[in-house]
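*Asks:* My questions concern the predicted model and sequence given below.
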Amino acid sequence: MTDVAEHHEFTTLPSPAAVAMATADRFIASARDAIDARGIFRVALSGGGTPKAVYPLLLEPERVRAVEWSRVEFFWGDERAVPPDHPESNFGVAYHALIAQLPGVRHDRIHRMAAESPDLDGAALTYESEIRLAFDARGYRPPALDLIWLGMGPDGHTASLFPDSDALDESDRWVVGNWAPSQAAWRMTMTYPIINAAREALFVVTGADKAQALRAIRDGDDAYPAGRVHAARTSWLIDAAAAGEASA
C-alpha cells in the first residue's frame, strides 16, 4: 500500500523481510537509472540493523549482475566514533557484508567517515572536502547524491541527527561532528543541506517502536528530525508494525 503525505511517499509492506526485499530492488533500480543517466551511481549508505538484512539480498547473483559496480561510489550518511574494525562501525558492517564481496568496486570510490579521529570536527571537514572532490563541487551549494539511504530510530532521529542536538540547526556545513544527547556519544553525520539536496532519500523503517514517530511524520509534524528530510523524492519503505498496523 502506497500513500503520499506532505511530499513524502509511504509504502507499507507486510513484514521486515518484505521491506528488505523492496529495499534491495529499489537500490538496484536506482543504481541502474543513475548509471544510465550520468554514468555513475553515488549512494550514501545507512547504519542500524535494517541494512544487515538487505546486504545479502544485494549479493544474490541476479542483482549483482544487474549493476556495473565499478560505476558505484559509496558514501555514508553517518558514523559512530569507532574504528572501522569495530563491530558497531557502519562502514565496517557495509564493507564486510557487501562491498568487499561485489565485483569491480573501485577503492577510490569508497569514502569512509573517519569518525574515530580525536579531532572529529577536522575529520568532518575532511569528509566534506572528499565529497567536493568526488563531485567536483564548488561553492556552497551541495551536490546531489543519487540516493541517500536512511533509517529512523524510535525517537525520530535519522542519520545521526538526534533530537536536541546541535546539528539540527546546521545550514552551511554538509558534514559535522554531533553530540547525541540520548546516546551520550559523539557521531559524524551528514546534515540537512546535503541530505535534502539528494535526488532521493529512502527511509527504511521496521518495528512497532517506530510507530509513534512515524504517525506524527505522516501527519506533517516536523518536530522529529526525520520529518525534516525533504529531498527531491522522499520515500519510505515501512513494515506493518511501524505503520501501526497488526504485525504480520
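*Replies:* All right, it came through fine.
*Asks:* Report the beta-bridge partner residues of T189.
*Replies:* Applying DSSP bridges to T189 gives these bridge partners: D78, V176.
*Asks:* Return the residues in contact with it.
*Replies:* 77-79, 159-161, 167, 175-176, 178 (CB atoms under 8 Å, 6 or more residues apart in numbering). In short, each C-beta sits where N, CA and C put it, glycine included.
*Asks:* which residues touch E170?
*Replies:* Neighbouring residues of E170 by CB under 8 Å, 6+ apart: 176, 191-193.
*Asks:* measure it to P181 for me?
*Replies:* E170 sits 16 Å away from P181, going by CB to CB, to the nearest Å.
*Asks:* and the helix ranked longest in the chain, what's its mean pLDDT?
*Replies:* If you go by DSSP state H, the chain has its longest helix at helix 16-38. Across helix 16-38, pLDDT averages out at 98.
*Asks:* hmm, who's touching stretch 90-98?
*Replies:* Residues contacting stretch 90-98 (CB under 8 Å, 6+ apart): 45-47, 51-52, 55-56, 58-59, 74, 76, 78-80, 84-87, 110, 112-113.
*Asks:* confidence score at the nearest residue to R187 once chain neighbours are set aside?
*Replies:* What sits nearest to R187 in space, not counting adjacent residues and going by CB to CB, 6 or more residues apart in numbering, is S160, at 3.5 Å. According to the prediction, S160 has pLDDT 97.
*Asks:* where do the strands sit along this protein?
*Replies:* Secondary structure of the chain (DSSP state E): strands at 2-5, 8-13, 41-45, 72-76, 78-80, 147-150, 175-180, 185-190, 201-205, 234-239.
*Asks:* Next, format the ones you listed as JSON lines and append distance to G92.
*Replies:* Output for these, formatted as JSON lines (distance: least, CB to CB, whole Å):
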{"stretch": "strand 2-5", "distance to G92": "34"}
{"stretch": "strand 8-13", "distance to G92": "28"}
{"stretch": "strand 41-45", "distance to G92": "12"}
{"stretch": "strand 72-76", "distance to G92": "11"}
{"stretch": "strand 78-80", "distance to G92": "10"}
{"stretch": "strand 147-150", "distance to G92": "17"}
{"stretch": "strand 175-180", "distance to G92": "19"}
{"stretch": "strand 185-190", "distance to G92": "14"}
{"stretch": "strand 201-205", "distance to G92": "19"}
{"stretch": "strand 234-239", "distance to G92": "24"}
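*Asks:* now for those, which one comes closest to S30?
*Replies:* Among these, the nearest to S30 by CB to CB is strand 147-150 (4.7 Å).
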